[in-house]
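K.L.:
I'd like to go over a predicted model; first the sequence, then the structure.
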Amino acid sequence: MVAERELTIRFGTSGNSQGYLGGGWAPAESAFTWATGAESHLILPPGKADDDYILTLDVVPFTHDPQVPAQRLMLSVNDTPIGSSLLLRPGVLAYRMPADALRGQDRVLVTLAHPDAARPADFGINNDTRALAVSVSEASLYRIPEPDSKRHRQLPGGLRLDGAAETFAGPRASAELGAWIRRQTGQTENQLAMRFESLGDSCEFGLVQRRCNAEPLGLLRFSSTFLRNLIRGLDCGFDGIGRPEDVEPRLEGEGVREYMIHEQRYGLVYHTFIYEGQRNAALIREQEATRLKFLRRKFIEELEIAEKIFVFKRNGPIAEDEILPLLVALRQHGNNTLLWVVPAEPDRPPGTVEVVADGLLKGYIDRFAPQENAHALSFEVWMKICVNAWLLSRLRVSGDT
């Protein structure tokens with residue numbers, strides 16, 4: 001799936017949203033517009049008849065505990081349902097718009113149904129009597145061209161490799177796991193681990209690579225940030241990252257404290273593995289600012305080469321409508337593959353990897369490491385996921401000529 005951005009709508013007062021809004025919207029505010037009442041409408045230009053599209057929305061739900069803990073959002077295009085979301089927090093969402101729903105239409109009518117809209121005045125928040133649902137700051141429309149079958153093999157959704165039945169225990173467990181990886185992929189653990197790059201959330205996958213004696217230089221390897229910030233960074237190529245004024249070293253932890261970096265522009269938080277007394281904060285700020293600029297250039301190169309598999313996981317739940325914008329953002333830079341790792345399900349045992357969409361693989365793990373101890377990871381299952389993800393990615397690549 002190659003995503004070509006065709007339209008961006010900005011909903012602030014200085015934006016261009018007025019030409020695309022139907023009913024159900026409040027007057028624009030400085031950076032966003034509220035969707036109000038039971039439903040709101042967007043009127044978009046017609047698409048090309050044989051191509052699918054993806055619509056992304058950058059939204060903030062109106063919530064107020066305990067009366068309105070979340071907002072439901074249901075989307076349809078030309079009366080064809082295309083998705084629904086439960087919004088607990090700000091985020092970027094994406095919905096697939098199939099070509100069949102667009103064919104033969106002189107316009108595209110997108111309906112946003114939001115049955116949980118509520119009035120702030122009813123809860124004593126302020127005097128606002130509007131029924132607010134979500135504020136929208138930006139919407140983007142991406143065309144998904146029909147792939148050239150001579151150059152690109154698109155794997156069918158649902159294709160999967162199940163978690164390996166083999167288990168590795170006892171004093172030779174590490175050697176047996178390594179031998180199994182070599183049989184499956186023709187690579188060592190180290191070589192396989194270097195074919196992946198973490199997109200953050202925590203340092204867990206970076207520590208998986210360390211267990212493989214792999215130490216790739218990655219912008220996000222030991223970082224965490226909100227998914228919304230990650231997508232924003234990918235959209236602009238992490239432009240401006242590494243300004244010294246945005247880099248704040250903080251001593252954190254108990255006992256021997258470590259300097260953690262809090263990067264302000266994209267909200268990155270990451271380890272330095274430098275401890276109190278080893279270096280002063282001013283020097284760390286200067287060094288990390290330089291390092292971030294270097295890692296940003298390397299990261300963009302990796303995106304453009306599109307040979308690595310990019311890994312995203314989150315200990316909390318994450319839905320497909322939240323992960324699709326990340327795939328779209330990656331695909332702006334090249335024909336990249338995203339591995340989305342989630343907890344195992346009854347019919348998806350640990351180690352299983354399946355194809356969700358072209359370029360999007362979903363891996364299943366028995367457990368994530370606890371937030372307070374990322375070293376307590378499920379190494380064997382992580383390696384099974386990496387093996388199966390790499391094998392599936394090779395099926396797609398082997399279609400190129």
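P.N.:
Cool, the structure landed.

K.L.:
any idea of the mean pLDDT in stretch 379-388?
P.N.:
Mean pLDDT, computed over stretch 379-388, is 96.

K.L.:
scratch that, stretch 69-78
P.N.:
Per-residue scores along stretch 69-78 average to 96.

K.L.:
all helices of the stretch 51-200 of the chain, in order?
P.N.:
Applying DSSP state H, counting those that start in this stretch to the stretch 51-200 of the chain gives helices spanning 99-102, 173-185, 189-193.

K.L.:
a markdown table for the ones you listed, including distance to H262 and mean neighbour count?
P.N.:
Bear in mind the C-beta positions are built from the backbone N, C-alpha and C, glycine included. Formatted as a markdown table, those follow (distance: least, CB to CB, whole Å; neighbours: other CB atoms under 10 Å):
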| stretch | distance to H262 | mean neighbour count |
| --- | --- | --- |
| helix 99-102 | 44 | 17 |
| helix 173-185 | 36 | 15 |
| helix 189-193 | 28 | 19 |
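
K.L.:
rank the ones you listed by mean pLDDT and give me the bottom one.
P.N.:
What stands lowest among the helices of the stretch 51-200 of the chain, in mean pLDDT terms, is helix 99-102, with a mean of 82.

K.L.:
what comes into contact with it?
P.N.:
Contacts to helix 99-102, defined as CB atoms under 8 Å, 6 or more residues apart in numbering, come from residues P46, G47, A49, D50, D51, D52, Y53, V77, N78, T80, I82, V108.

K.L.:
what about the residue nearest the centre of the chain, which helix or strand?
P.N.:
Central residue of the chain (CA atoms, centre = their mean): L326, 3.6 Å from the mean position. Here L326 sits within helix 320-331, counting by DSSP states H and E.

K.L.:
Give me the mean pLDDT for that helix.
P.N.:
Rounded mean pLDDT across helix 320-331 is 94.

K.L.:
which residues are in contact with that helix?
P.N.:
By CB under 8 Å, 6+ apart, helix 320-331 touches 1-3, 54, 56, 83, 85, 91-96, 142, 199, 227, 230-231, 234-235, 303, 310, 312, 336, 338, 340, 356-357, 359-360.

K.L.:
one more time with 6 Å, if that's ok
P.N.:
3, 54, 56, 83, 85, 91-94, 142, 231, 234-235, 336, 338, 340, 360 (CB atoms under 6 Å, 6 or more residues apart in numbering).

K.L.:
repeat for stretch 262-282
P.N.:
Taking CB under 6 Å, 6+ apart as the rule, stretch 262-282 contacts 222-226, 229, 233, 240-241, 246-251, 256-259, 261.

K.L.:
make it 8 Å
P.N.:
So stretch 262-282 is contacted by 200, 203, 220, 222-226, 229-230, 232-233, 238, 240-241, 243, 245-251, 256-261, 284, 288, 292 (CB under 8 Å, 6+ apart).

K.L.:
Just the buried residues of those residues.
P.N.:
Buried by 16 or more other CB atoms under 10 Å: 200, 203, 220, 222-226, 229-230, 232-233, 238, 241, 246-249, 258-261, 284, 288, 292, out of the contacts of stretch 262-282.

K.L.:
Return the subset of those residues lying in helices.
P.N.:
Counting by DSSP state H, these place N229, L230, R232, G233, I284, E288, L292 in helices.

K.L.:
on that earlier part again, immediately after the helix holding L326, which helix or strand?
P.N.:
strand 337-343.

K.L.:
Quick check: neighbours of that next one in the sheet, parallel or antiparallel?
P.N.:
In the sheet, strand 337-343 lines up against strand 309-313 (parallel), strand 360-365 (parallel) (DSSP bridges).

K.L.:
what sits up against the last one?
P.N.:
In this case it means strand 360-365. 1, 163, 309, 313, 323-324, 327, 337-345, 348-356, 378, 381-382, 385, 388-389, 392-393.

K.L.:
Derive a ChimeraX selection command for the buried subset of these.
P.N.:
Of the contacts of strand 360-365, the buried ones go into a single ChimeraX selection, burial set by 16+ other CB under 10 Å:
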select :1,163,309,313,323,324,327,337,338,339,340,341,342,344,348,349,350,351,352,353,354,355,356,378,381,382,385,388,389,392,393
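
K.L.:
just to revisit the earlier point, what's the farthest-apart pair in the ones in helices among the buried ones among the contacts of stretch 262-282?
P.N.:
Largest separation among these by CB to CB: R232 and I284, giving 25.5 Å.

K.L.:
The helix holding L326 versus strand 337-343: what angle between them?
P.N.:
150 degrees (axes from the mean of the first three to the mean of the last three CA atoms, to 10 degrees).

K.L.:
chain center to helix 320-331: distance?
P.N.:
5 Å (CA atoms, centre = their mean, to the nearest Å).

K.L.:
and what of stretch 268-277?
P.N.:
25 Å.

K.L.:
what does stretch 39-46 give?
P.N.:
With CA atoms, centre = their mean, you get 25 Å for stretch 39-46.

K.L.:
before we move on, what about stretch 112-124?
P.N.:
The answer for stretch 112-124 is 28 Å, by CA atoms, centre = their mean.

K.L.:
Give the buried residues for the lengthiest strand in the chain.
P.N.:
Assignment by DSSP state E gives strand 132-144 as the longest strand of the chain. For strand 132-144, the neighbour count (16+ other CB under 10 Å) marks 132-144 as buried.

K.L.:
go on, stretch 160-171?
P.N.:
R160, L161, D162, G163, A164, F168.

K.L.:
what's the distance between G170 and N213?
P.N.:
21 Å (CB to CB, to the nearest Å).

K.L.:
what's stretch 386-394 in contact with?
P.N.:
155, 159, 161, 163-164, 181, 184-185, 192-193, 195-196, 309, 337, 339, 351-353, 355, 361, 363.

K.L.:
low-confidence ranges in the stretch 151-300 of the chain?
P.N.:
The stretch 151-300 of the chain contains residues with pLDDT under 70 at 151-154, 156.

K.L.:
And the strands in it?
P.N.:
160-161, 196-198, 223-224, 247-252, 258-263, 269-275 (DSSP state E, counting those that start in this stretch).

K.L.:
Dump these into CSV; add distance to G37 as well.
P.N.:
Compiled in CSV, the strands of the stretch 151-300 of the chain are given as follows (distance: least, CB to CB, whole Å):
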stretch, distance to G37
strand 160-161, 42
strand 196-198, 42
strand 223-224, 37
strand 247-252, 42
strand 258-263, 39
strand 269-275, 39
